[in-house]
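Engineer: sharing a model that was predicted from the sequence below.
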Amino acid sequence: MQTQKMTDKLEGIVDDLLEDHRLSGEKLKVLLDHREEVRQTLAREASSLTDRVFHRKIYVRGLIELSNICKNNCYYCGIRRGNHNLHRYRLSQEEVLQAVKLGTDMGFKTFVLQGGEDPLLDDDFYLDLVRKIKDINPQAALTLSIGERSYQSYEKLKKAGANRFLLRHETKNKKHYRKLHPKEMSLENRIQCLYDLKELGYQTGTGMMVGSPGQSLDHLVEDLVFIQDLEPEMVGIGPYIPHEDTPFSGEKPGSVELTVFLIHLLRLLLPYANIPATTSLNTLSPQGRDLAIQGGANVYMPNLTPAYHRKDYALYKDKACFNIEAAENLKDLKEVMEKIGYDLVMARGDFEVKHV
């Protein structure tokens, strides 16, 4: 049974979090170790804060998965270079622009271009594509999630019209990073890319998998401390889901419960950040999306990828990419959100400090 001393300590840490929106690594570890005792409080406070900042609005972004070809061989990822059982694809520029036109007609004001680090999709390809997307929908915000690139590449893409960039750091711990990635990849480069993006003025997003192989609560504390220091405008987290064609095929999936708890915590640490309810949550639990939204998430990303390629973008097993996750079912998604008391909106939803 929890002692009065621990109760007082937890209450003090929660008070510090609510007042300062920042905690030391030591205090974050205490909350993670005692999350059952503070879960309801953090869920309530995160929900209340999210409502005050975003007024129960859920911003939608149209997701377009460009290519499942990747030069990297990350051990956890279904589109890793070493997976020879995957049907590979690369959208043509015309297919991407057609998806943007469809999304524009549906009212989307933000598009997210996501893909593996495809060697043939160079700066010239992306610069031309970004400009053409802006020609189709000049008012739209454009998020790129296309991996590690040079400072010069990020700079050119920003000047061409890209507004946001999502690059999940996955883990801040060096030993854990090495467990997840081959030796030719570098945690230092990953982190430098994030600071480059911030310096260039992107609305920058990072995040991690929850429950990835070898991950401990101490690793998650390191991640949270890093995220606090980076001050990203977006944070995307989701539970790890193993893929059968990776070295981690036999590993257990991450915890929906812990992921949702971390969303509560991230909302209280970063009151104004855009936090999506990720597809991986919905893949593991029918209630995953709703729990995330009711506990701090304010973004959802319906899929605009051509339907004949959605299953091919298989980062993990049994990805939920049809039904309510599909952009063509936007009306159904809106009704689902209304049932739990939220309004689905098509606005850009830019990061904004609102001082509520």
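Structural biologist: Looks like it arrived, so ask away. Since the model is a prediction, treat every value here as computed from it, not as a measurement. Numbering: from 1, shown residues only.
Engineer: so which residues of the stretch 201-350 of the chain form helices?
Structural biologist: 217-230, 256-269, 279-284, 288-294, 330-339 (DSSP state H, counting those that start in this stretch).
Engineer: Throw those helices into JSON lines and include mean pLDDT and mean neighbour count, thanks.
Structural biologist: C-beta: built from backbone N, CA, C; applies to glycine. As requested, the helices of the stretch 201-350 of the chain are exported to JSON lines (pLDDT from 0 to 100; neighbours: other C-beta atoms under 10 Å):
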{"stretch": "helix 217-230", "mean pLDDT": "98", "mean neighbour count": "19"}
{"stretch": "helix 256-269", "mean pLDDT": "98", "mean neighbour count": "24"}
{"stretch": "helix 279-284", "mean pLDDT": "88", "mean neighbour count": "24"}
{"stretch": "helix 288-294", "mean pLDDT": "94", "mean neighbour count": "23"}
{"stretch": "helix 330-339", "mean pLDDT": "91", "mean neighbour count": "15"}
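Engineer: for residue 143, find the nearest of those.
Structural biologist: Nearest to residue 143, of all the helices of the stretch 201-350 of the chain, is helix 279-284, at 15.4 Å by C-beta to C-beta.
Engineer: so what's residue 88 scoring on pLDDT?
Structural biologist: Residue 88 carries a pLDDT value of 96.
Engineer: and the gap between the residue lying closest to it once chain neighbours are set aside and residue 167?
Structural biologist: Spatial nearest neighbour of residue 88, chain neighbours left out: residue 69 (5.3 Å); criterion: C-beta to C-beta, 6 or more residues apart in numbering. Plainly put, residue 69 is 18 Å away from residue 167 if you go by C-beta to C-beta, to the nearest Å.
Engineer: quick one: the strands in the chain, in order.
Structural biologist: Secondary structure of the chain (DSSP state E): strands at 57-60, 62-65, 110-114, 141-145, 164-166, 203-206, 209-210, 234-235, 238-239, 299-300, 343-345.
Engineer: circling back: and of the helices of the stretch 201-350 of the chain, who's closest to residue 308?
Structural biologist: Closest of these to residue 308 is helix 279-284, at 18.3 Å (criterion: C-beta to C-beta).
Engineer: export that closest one as CSV, just CAs?
Structural biologist: What follows is helix 279-284, C-alpha atoms only, in CSV (Å, rounded to 0.1, in the frame of the first residue of the first chain):
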residue,chain,number,x,y,z
THR,A,279,-2.5,4.5,-36.2
SER,A,280,-0.4,2.1,-34.2
LEU,A,281,-2.6,2.7,-31.1
ASN,A,282,-5.7,1.8,-33.1
THR,A,283,-4.0,-1.2,-34.5
LEU,A,284,-3.5,-2.7,-31.0
